[in-house]
Structure formats: C-alpha cells, structure tokens
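>>> Following is a predicted model, sequence given first.
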Amino acid sequence: MQNFKKSCVYQIYPKSFMDIDGDGIGDLKGIIEKLDYLKKLGVDYLWLTPFFLSPQNDNGYDIEDYCRIDPLFGTMEDLDRLISEAKDRDMRLMLDMVFNHTSTRHEWFQRALAGEKKYQDYYFFQNGTAGSPPTNWQSKFGGNAWEYVEELGKYYLHLYDVTQADLNWENRDVREEIKNVIRFWKEKGIRGFRFDVINLVSKPTVFEDDEEGDGRRFYTDGPRIHEFLREIVEDTGLDAEDVVTVGEMSSTTIDHCIRYTDPKEKQLKMCFNFHHLKVDYKDGDKWSLMPYDFGRLKKIFHTWQEGIAGGNGWNAVFWCNHDQPRAVSRFGDDGIYRKQSAKMLATVIHGMRGTPFIYQGEEIGMTNACFTDISQYRDVESLNYFDILKEQGQKEEDIYRILKERSRDNARTPMQWDGTENGGFTSGTPWMIVNKNCREINVKESLSDPDSIFTYYQKLVELRKQYDIISDGSYEPVLVDNRGIMSYKRALYGEKLLVFANFTGQEQTVKQKEDLGDWEVLLSNYESIKIFGDRVTLEPFGAVILHRRG
C-alpha cells in the first residue's frame, strides 16, 4: 500500500452509491461493481460510511450492532468479497466507527432500560424529574441533549438524535468493548478506520449548565481524550504502519490536532477539522445564511497548514463529505463555470500538505440537490430544523432557502452514473430523489470527455504520488491580502511548487516576488496560462500548479 501521506481516500455513502438489487438503496454489491471505476480514479482507500445494523434514524450513524451488516446493504459474505476484490486492485477499506454513541436499540442500551446497573453505567444516566434536565446543553440536532425515561426516573445524554445515546468512556468496560470491535474488523482485513466525532467522547465528571453556549466547551477535546485514544490505539495495534486512522474532530484546535496526529503521541494518523466549512455561518449559526467570507477561508487554511506542519502533525484535507453541501455550489459556480470552479477547488486541496479526501460525485462535479418541498428531504437534522425554524417564526419560503444551501441531503442524493431517469443508480425507486441534472452531469459523460473534472482529479491524485514535494514539502502562504486569489508555495530540498487559484468569476492578474518564466506548468484547469515574468493571469475560477526543480 501507498504511504498514507501520498495516498488519496475516496468516501462512499453506500446508501446512495450504487443499487444492484433494485430496492432503491445502494448496497455492498453495488460498490463491488464500481471498483474498477474507483481504481481508474487512482484512489487508495475507500471510506465507507456505516453499513452496520441500524434503525437508520441518522442514516447508519445510530448503530445497533457494530459487528453485523445491515441487510439493507447486504451480507458479511458481500463485505468479505468487497475487501478481497478491493485488495486485488491495491485498495483498502476504511470503516466508519461511531463510538461516541450507540442507537437506543443497541443491546447495551436495551439492557440499561431493563434496569441492569452494569449497562446503565455504559451510558450517562442521571436521576431527575420530568421537565428538569440535568443541564441546559443543546443537542447538535436541536433541543435539549437529555432525554427523560419515565420508567427509570432518569435522564440519558444524547449529543445528537434522541435515539443516539452517548457512551460513557470513563467506564473501562466500555473501552474494552470498543477495542473488541476494532479487533474484530482488523481480523477481517480492514486496515483503515475513521472515527466519528471522536474528540467528544471524554465527558466531564460533573455536569453543569453552560451559561455561555450550548455545552460543547465542557466535552470538546475533553479531559481524558488523549489518554483514551492512546489506550485504544496501543491495545489494538492501530499504530501499525499498515493501518490508517483518521479522527473527525468537532470544534477542535490546532494544538489538540497536533497531539492527536504527532507520531510520537501514538494516537491517530490524521484529523479532520471543519473550521473552513463555517465561513458562511452568520454569527456562527449554521442555519443563518451569508455569503462565504473568502478572507477568513484563506486565513483558516493557511493557519492550519502552517500550524499542523510546525507541530509535526497531519491533516486530512477536504471540501466535501456526507454532512456538507456540495463545494462547487457553495464556493464555486455550479452554472456556467461549474467545470472550471470544480477543478479550481480540487487544485487548492490536492496541492496542500495532508491526505486529500474525495467525496463520491465530487470528481464529476455533482451539485446541490435544490429540493423544493420538505417531503423530498430525508435527513433527521434537516427535518428537525424545518420544525425548529418554523417555531422561531421564520417563513416557509425562507426555511426552504436555508435548507437548499445547508441541508446534509445535498451530499446524499444518489450517485449519477449516467443520464437515465434515475442516473443509473437503481432500477427501482430511489430512497431519495436523484438530482435532475444527472442528464448532463454523470460518470458516463465524464469518462467520455478528455477535459472532464474526473480526468483532472485523476491527474491530481497521480501528482501526489509522483512528487514528494506535494506530500512532504513545507507550506508558505502567498498573496495573503489578495481578495480573490488563494496562493501558497511548497518547498523541499531546493525544489519549489506554487499554487494559484482564482475564486472569482473575473479574470485576475497577480504580481508576485519571483520570475516564473522557467517554471513548469504541472497542471492547469485552462488550456493555456498567461505568465509574463513575475505576473500570472488567471481566467475566471482559473487554477494552476507551477513547479521548479531548484
């Protein structure tokens, strides 16, 4: 396998990737059928969001059994075949492990409800009376984070949906259960693990109201988080060279992510952070719209790139995932400049220090869903906030405008394989409506176009493998004060690499310190690039990677 620093990870949302049996829901056999496509793209790891047994209240992130395959997606035999066939193509699977919480249908929680003290200690049960929760903490999906169980006279903590009860990592038995799950999948041949909201698992020993916020300051990067991670990793062998781990870190800091990923700490190989994806949140509120702040976006990228490198940590770099709107609709132009802006955004990420992640459909420029009615939405967060925003007095037309830009369902519409009615995703009725633009935007069209977004991604993935400077070079911000251009320089043993990206729909010319006349154009999203001495002219949403041996 590739060094993870030279690798690229492709995220698959199984429910929406490819349906073989015609029930309208993607399945493991569908992934197997598309392995050659993924191999053609050049990726090394396939991150699959949860396909474990689940009531599907949060599309699989509410797990009922960590070691069983949900029949929706297939069988254990299907997974064994997928592991084997991916390996035959030099790809490995990365499983999505949700250890902050379980479904309330999990056996552990059901036994807790039945009154077994051992299993109540697996969660956070607090004595109380109806209407008086232990704290004022807010659930990430809206409402109070505590749910009352009348039969027990107790509340339980759920930072997410009411059916997702938080696990008590202070309990050693819980940590041993988690280790056993990891060992089970390692024995199956899994060599990649993504840990969902893992920096939230260390809770305070005393619960108190948050008079300043929603409660997250008490449990984000909590008091024992580094100790817990180190224990899990060392006891299950996740620090081995042939294993890749990535942690999803909610509202985290650079200092913590350095500790999470510095090899000498023996915790994780890399981290996700989401600060760059909050630059269009008005006053920090996801459900309040504003144009994205380009200056802030650029500053966050530069700060994290320099900070993590300075501490010998490692980033997972990305625009899209199953929880985010489509980047080309959010930060680019999904109309006339869709191809150019999709390539530009890809250039920014794939030239950085860190392991790049591609979310399904990103490589063909899939766009937001543009749903017009609440009946079209499936995401529990979106459905909850439709009601919450109505209760706050917002007009329905304004709520639809917000959901159109913010809903997680924007990323979850079925993969667009061809231009047929259901985009080639299913022969049945899809669990969610396929984006109507599948007739123009689809894999079949992309593979027939030598100038496609797919072809551009192929080249970016290959460049990382070819050039050590991309994986190992230093990072230096360039043109920091420019209001429309993001640029940075990479350097390694005298070798240099420059990336320029125009985030606007107008041609822009920039002047920088070096004469670029003898620099090689490694990749550009336009056929020709205008370089005159120390000046570079970029077309609308233009991007270029320049290289010099030194």
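It's in.
>>> Residue 61 and residue 252, how far apart?
Relative to residue 252, residue 61 is positioned 19 Å away (C-beta to C-beta, to the nearest Å). For the C-beta atoms, the positions are set from N, CA and C on the backbone; glycine is no exception.
>>> Comparing the two, which residue is more hemmed in?
residue 61 (24 against 21; other C-beta atoms under 10 Å).
>>> didn't that one look like it was pressed against residue 141?
No: here residue 61 does not reach residue 141: they are 10.9 Å apart, not a contact under C-beta atoms under 8 Å.
>>> Mutual contacts of these two, please.
residue 160 (C-beta atoms under 8 Å, 6 or more residues apart in numbering).
>>> residues making contact with the strand or helix carrying residue 175?
Using DSSP states H and E, residue 175 sits within helix 172-187. The contact list for helix 172-187 (C-beta under 8 Å, 6+ apart) reads 66-67, 95, 97, 99, 108, 118, 121-122, 167-169, 193, 228, 231-232, 235-238, 243.
>>> now, which of the residues you listed lie within helices?
108, 118, 228, 231, 232, 235, 236 (DSSP state H).
>>> of all these, which two lie farthest apart?
Distance extremes for those: the farthest pair is 118 and 236 at 22.9 Å, using C-beta to C-beta.
>>> Identify the residues contacting the residue nearest to residue 354 when sequence neighbours are not counted.
Leaving out its chain neighbours, the residue that sits closest to residue 354 by C-beta to C-beta, 6 or more residues apart in numbering is residue 315, at 3.4 Å. By C-beta under 8 Å, 6+ apart, the contact set of residue 315 is 257, 261, 270, 271, 273, 304, 305, 308, 352, 353, 354, 355.
>>> How about residue 271?
Per C-beta under 8 Å, 6+ apart, neighbours of residue 271: 246, 247, 248, 249, 252, 257, 260, 261, 313, 314, 315, 316.
>>> Tell me if the fifth one really is in a strand.
Spelled out, it's residue 252. No: counting by DSSP: H, G, I helix; E, B strand; the rest coil, residue 252 is not found in a strand; it is coil.
>>> if we can go back for a sec, quick one, which of residue 118 and residue 236 is more surrounded?
Using other C-beta under 10 Å, the more surrounded residue of residue 118 and residue 236 is residue 236, with 19 against 11.
>>> what about this protein, any weak spots by pLDDT?
1-2 (pLDDT under 70).
>>> From what I see, residue 144 and residue 132 are in contact.
No: contact criterion C-beta under 8 Å: residue 144 and residue 132 do not qualify, at 10.5 Å.
>>> Tell me which of the two has more neighbours.
residue 144 (17 against 9).
>>> Just the element for residue 509, please.
Applying DSSP H and E, one finds residue 509 within strand 508-511.
>>> meant to ask about residue 459, not that
Assessed by DSSP H and E, residue 459 sits inside helix 453-466.
>>> Show me what secondary structure element comes after that helix.
Helix 453-466 is succeeded, C-terminally, by helix 468-472 (DSSP H and E).
>>> distance between that following helix and the chain's centre?
23 Å (C-alpha atoms, centre = their mean, to the nearest Å).
>>> Stretch 543-550 too?
In this view, stretch 543-550 has its centroid 29 Å away from the chain centroid, taken as C-alpha atoms, centre = their mean.
>>> Check stretch 98-115 too.
26 Å.
>>> thinking again about what came up before, tell me the strands beside the strand holding residue 509, with direction?
Strand 508-511 pairs in its sheet with strand 535-538 (antiparallel), by DSSP bridges.
>>> can you pull the buried residues of the strand it pairs with?
536, 538 (16 or more other C-beta atoms under 10 Å).
>>> How about the next helix or strand after that strand, which residues are buried there?
Once the chain leaves strand 535-538, the next helix or strand it forms, by DSSP H and E, is strand 543-548. Residues of strand 543-548 classed as buried by neighbour count (16+ other C-beta under 10 Å): 543, 544, 545, 546, 547.
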